[in-house]
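>>> sequence first, then the predicted structure, then my questions.
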Amino acid sequence: MASWRAMIADDIPQVAQVADQIHPNLPEGDFVFSERIRLFPEGCLILSQGSRVLGYAVSHPIRHAQPPALDSLLGEIPTDADQYYIHDVAILPELRGQGHATEGIRKLLDVGSRFASTCLVSVYGTGPFWRRFGFREEEVEDALREKLRNYGDDAVFMSRRNDASPQN
């Protein structure tokens, strides 16, 4: 039975394999995962069965509507961070539809509940999936619109108030 647990540095090679399979056109170096674990370990999870990594989730605090560029280092978590950012939730295709994503997202939303809102960049037309958790598309300023181009033509910035009740 697959379950979520904290991501550790030893998981990164398998996390990178999952990332490469799920996001072949949105590559991120191992250094991104390593840094996120170091800076905000409570926001980094893996879905595993035994020693096999089947999915992962990466999240951390940011300044409002200022997600990091794809494949970039943060340097630090801003001391004035006022929004929680779900950077990625990726699960291998054979495990989809079994409730694992919902469980992982609920864990992330719990971690982020100390912030007024949580945001993310929806890719691959996953907006309807994220709306089930209370996320809504947000109008963005030019600087963020430019950053979103690196996430693909269908990238959409979404956010939710953390006191919102998810529908699922």
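That came through, no problem.
>>> OK, contacts around residue 65?
83, 119, 138, 140, 141, 144, 157, 159 (C-beta atoms under 8 Å, 6 or more residues apart in numbering). All C-beta spots, glycine's among them, are computed from the backbone N, C-alpha and C.
>>> residues near the spatially closest residue to residue 154 that is not a sequence neighbour, how many?
Using C-beta to C-beta, 6 or more residues apart in numbering and skipping the chain neighbours, the partner closest in space to residue 154 is residue 125 (5.7 Å). Neighbour count of residue 125, defined by other C-beta atoms under 10 Å: 9.
>>> that older thread, a markdown table for the contacts of residue 65, including distance to residue 50, neighbour count and pLDDT?
What follows is the contacts of residue 65, written out as a markdown table (distance: C-beta to C-beta, whole Å; neighbours: other C-beta atoms under 10 Å; pLDDT from 0 to 100):
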| residue | distance to residue 50 | neighbour count | pLDDT |
| --- | --- | --- | --- |
| 83 | 35 | 19 | 98 |
| 119 | 33 | 21 | 98 |
| 138 | 39 | 14 | 95 |
| 140 | 41 | 14 | 93 |
| 141 | 45 | 8 | 93 |
| 144 | 40 | 15 | 94 |
| 157 | 37 | 20 | 98 |
| 159 | 36 | 22 | 98 |
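>>> gap between residue 43 and residue 98?
23 Å (C-beta to C-beta, to the nearest Å).
>>> the two: which is more packed in?
residue 43 (24 against 12).
>>> my guess is residue 31 contacts residue 74, does it?
No: Residue 31 is not in contact with residue 74 according to C-beta atoms under 8 Å; the separation is 11.0 Å.
>>> tell me which of the two has more neighbours.
residue 74 (17 against 12).
>>> mind giving me the packing neighbours of the helix or strand that contains residue 107?
Taking DSSP states H and E as the criterion, residue 107 maps to helix 100-111. Judged by 3 or more C-beta pairs under 8 Å, 6 or more residues apart in numbering; DSSP states H and E, helix 100-111 is in contact with strand 3-6, strand 44-49, strand 52-62, strand 83-91.
>>> what's the closest of the ones you listed to residue 15?
Checking the helices and strands packed on helix 100-111 against residue 15 by C-beta to C-beta gives strand 52-62 as the closest, at 4.8 Å.
>>> chain center to the closest one: distance?
Distance of strand 52-62 from the chain centroid (C-alpha atoms, centre = their mean, to the nearest Å) equals 6 Å.
>>> so in that sheet, which strands flank that strand, and in what orientation?
Applying DSSP bridges, strand 52-62 is found paired with strand 44-49 (antiparallel), strand 83-91 (antiparallel).
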